[in-house]
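[1] coordinates for the following, if possible.
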Amino acid sequence: MAATYGDLRHLLPGSYKHQITSWLEEDCPSFDYGGFVVGESEGEARLLGKSKGIVAGVPFFNEVFSQLGCTVEWHVQEGQPIEPIKHCATIRGPIRKILLGERVALNILARCSGIATKSASLVAVVRSQGWNGILAGTRKTTPGFRVVEKYGILVGGADPHRHDLSSMTMLKDNHVWACANNRAAGDGGVPTSTDSIAAAIPRAVQSAKAVGGFSTKVEVECRSLEEAHAAIGAGADVIMLDNFTPDGVWEAARKLKHDWAGKKQSFLIEVSGGLNESNAASYACPDVDILSTSSIHQGTGIVDFSLKVSLR
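    Numbering: from 1, shown residues only. This next block holds a predicted model:
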């Protein structure tokens with residue numbers, strides 16, 4: 001069962017309605033030939049859940065039909081698991097308008113529900129190990145569809161992580177490398193070792209904090225203990241251990257928490273890189289605060305839905 005946070009509709013920006021409008025326009029850019037055949041008869045359609053999964057994406061589904069002058073009555077709650085064949089909702093209005101919104105609405109609902117289902121499944125896997133940290137998505141989302149995908153992650157009980165480049169300062173290896181390279185170029189050389197990259201981390205963190213202010217957290221991607229120590233010492237809020245082995249994560253996370261106990265402000269340890277349902281549990285150690293993975297939203301399956309129309 002997905003986690004419940006209250007009514008998630010209240011999180012959505014007004015811009016999502018404009019996106020729905022553009023998707024409807026994309027699907028019918030000129031004449032609606034099929035709709036011409038149907039005419040303006042009033043009727044209703046049953047939304048049927050045809051595969052197992054968690055229902056997610058209700059506000060987007062509703063908005064599609066609201067813009068077309070139709071109403072939606074839901075018979076299941078968002079976040080609720082369903083089995084096939086489940087009558088999930090009833091849509092009422094002009095049949096032509098119902099069919100005009102059918103594919104857009106189903107595509108959104110199927111994809112969002114698939115992400116929620118996958119998220120809930122992986123949350124269950126790590127919770128089964130007794131780990132109570134945060135399972136998060138990533139920024140590897142579909143351009144133009146991010147708000148739907150992040151919404152699905154939330155419905156599934158996982159953490160959406162940062163939404164965009166402005167949500168948090170994340171200094172990945174390329175940022176730090178570029179910072180080190182710029183300094184080395186000024187000195188007439190090029191950094192070639194991990195130590196050189198570690199030496200550049202404090203400058204990168206200091207620069208990020210100077211412009212981000214007190215309210216913007218800084219996260220640093222680290223490939224080694226040396227880089228992690230440099231980031232913590234510089235005041236980074238989150239340390240990402242990237243592409244470590246499970247054993248490497250257990251050892252590094254334990255050592256970092258031990259070595260910095262009582263010496264600096266608190267920091268979080270995030271683990272990322274290739275995590276999925278088959279291996280995430282092996283990274284869920286007590287000293288790790290966050291597991292982040294794109295597997296809960298990138299390349300996931302769908303929950304299958306269909307609409308069946310009937311006249312009143």
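[2] Thr245: neighbour count?
    Each residue near Thr245 was counted by other C-beta atoms under 10 Å, and the total is 12. Every residue, glycine included, has its C-beta placed from N, CA and C.
[3] for stretch 69-89, which positions count as buried?
    Residues of stretch 69-89 classed as buried: 70, 72, 76, 78-82, 86, 88-89 (neighbour count, 16 or more other C-beta atoms under 10 Å).
[4] show me the shaky parts of the protein.
    Within the chain, the ranges that satisfy pLDDT under 70 run 1-5, 182-195, 311-312.
[5] all helices of the stretch 201-312 of the chain, in order?
    Residue ranges of the helices in the stretch 201-312 of the chain, as given by DSSP state H, counting those that start in this stretch, are 225-233, 246-259.
[6] compare those helices and give me the one nearest Ser167.
    Ser167 sits nearest to helix 225-233 of all the helices of the stretch 201-312 of the chain, at 18.9 Å, using C-beta to C-beta.
[7] any idea which element Ser167 lies in?
    Following DSSP states H and E, one finds Ser167 outside all helices and strands.
[8] how much space between it and Glu63?
    Between Ser167 and Glu63 the computed distance is 24 Å (C-beta to C-beta, to the nearest Å).
[9] between the two, point out the one with more neighbours.
    A side-by-side neighbour count of Ser167 and Glu63, using other C-beta under 10 Å, places Glu63 first with 22 against 13.
[10] do I have it right that that one meets Ser15?
    No: applying C-beta atoms under 8 Å as the test, Glu63 and Ser15 come out as separate, 11.8 Å apart.
[11] about what we covered before: redo the helices of the stretch 201-312 of the chain as JSON lines? Include distance to Ile201.
    Shown next, in JSON lines, are the helices of the stretch 201-312 of the chain (distance: least, C-beta to C-beta, whole Å):
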{"stretch": "helix 225-233", "distance to Ile201": "4"}
{"stretch": "helix 246-259", "distance to Ile201": "14"}
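[12] and of the ones you listed, who's closest to Ala284?
    With C-beta to C-beta as the measure, helix 246-259 is the member of the helices of the stretch 201-312 of the chain nearest Ala284 (9.3 Å).
[13] same for the closest one, what does it pack against?
    Where contact means 3 or more C-beta pairs under 8 Å, 6 or more residues apart in numbering; DSSP states H and E, helix 246-259 is packed against helix 225-233, strand 238-242, strand 268-272.
[14] out of these, nearest to Val155?
    Between Val155 and the helices and strands packed on helix 246-259, the shortest gap by C-beta to C-beta is with strand 268-272, which sits at 22.1 Å.
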